[in-house]
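*Asks:* the sequence isn't on hand, but the structure is:
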């Protein structure tokens, strides 16, 4: 099952958000992400949060439409996006796209990148989606769709990422060892419509930048 989570940061364009909703089986909102969905003419299947940023009028509209407003189980200890990711997995999602987390807050963006390593997400594909970028934790192998010239960066989240091999990228790697405190994997480029990387050991983040085109997850 594919789940979409809309958080309260910078959202995708409304037409992209509507397209995302159609491409997923379940739509969840993390707190004020519900207002983003309402503005696009969409209703979430449920809203999760401590409701410190959801406008009261949006909460009233959601309640009138019968949308469940689920309480945050640990306010102050976990972010709304964190709890929404766990809820998506609890409901059986094996692919999750979460948007509204890469901007404008740098701390939130870094935290959501690190959340990709949660044990609860180990068997799931999770995409962090921005307006012009998608980010994935590579589990085995990950290929993304794009255009030749798109940037693809490979960033170790663990101290090292071992056995990194690329496909369809300008600067090939074959069984490479990437260090977290290095820039070897940064600013590679697609040379084919699909490209990416595989990793044998360690945590490797793949970031695909789409330039001035709206990003859409490579599900």
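*Replies:* Everything's here; your move. Quick caveat, the model's predicted, so the values are computed rather than measured.
*Asks:* make it CA atoms for all contacts and neighbour counts henceforth
*Replies:* Fine.
*Asks:* tell me the centre residue of this structure?
*Replies:* By CA atoms, centre = their mean, the chain has its centre lying nearest to residue 128, at 1.4 Å.
*Asks:* and the one helix or strand residue 18 maps to, what does it pack onto?
*Replies:* Per DSSP states H and E, residue 18 falls inside helix 14-23. For helix 14-23, the packing partners by 3 or more CA pairs under 8 Å, 6 or more residues apart in numbering; DSSP states H and E come out as strand 2-6.
*Asks:* neighbouring strands for the strand it packs on, and are they parallel or not?
*Replies:* Paired with strand 2-6 in the same sheet, following DSSP bridges, are strand 26-30 (parallel), strand 95-99 (parallel).
*Asks:* before we move on, the earlier item: would you mind listing the buried residues in the helix holding residue 18?
*Replies:* For helix 14-23, burial by neighbour count (16 or more other CA atoms under 10 Å) applies to 16, 17, 20, 21.
*Asks:* which of the residues you listed sits closest to residue 9?
*Replies:* Nearest to residue 9 among those, counting by CA to CA, is residue 17 at 13.4 Å.
*Asks:* I'd say that closest one and residue 40 touch.
*Replies:* Yes. Using CA atoms under 8 Å, residue 17 is in contact with residue 40, at 7.3 Å.
*Asks:* now the buried residues of helix 14-23 in JSON lines, with pLDDT and distance to residue 108?
*Replies:* Below are those laid out as JSON lines (pLDDT from 0 to 100; distance: CA to CA, whole Å):
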{"residue": "16", "pLDDT": "96", "distance to residue 108": "22"}
{"residue": "17", "pLDDT": "97", "distance to residue 108": "20"}
{"residue": "20", "pLDDT": "97", "distance to residue 108": "22"}
{"residue": "21", "pLDDT": "97", "distance to residue 108": "23"}
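*Asks:* tabulate those residues (JSON lines), appending distance to residue 163.
*Replies:* Below are those laid out as JSON lines (distance: CA to CA, whole Å):
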{"residue": "16", "distance to residue 163": "35"}
{"residue": "17", "distance to residue 163": "36"}
{"residue": "20", "distance to residue 163": "33"}
{"residue": "21", "distance to residue 163": "36"}
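*Asks:* direction included, what does whatever helix or strand residue 48 lives in pair up with?
*Replies:* Per DSSP H and E: residue 48 is located in strand 46-49. According to DSSP bridges, strand 46-49 forms sheet pairs with strand 26-30 (parallel), strand 69-71 (parallel).
*Asks:* in that strand, what's buried?
*Replies:* For strand 46-49, the buried set under the neighbour-count rule, 16+ other CA under 10 Å, comprises 46, 47, 48, 49.
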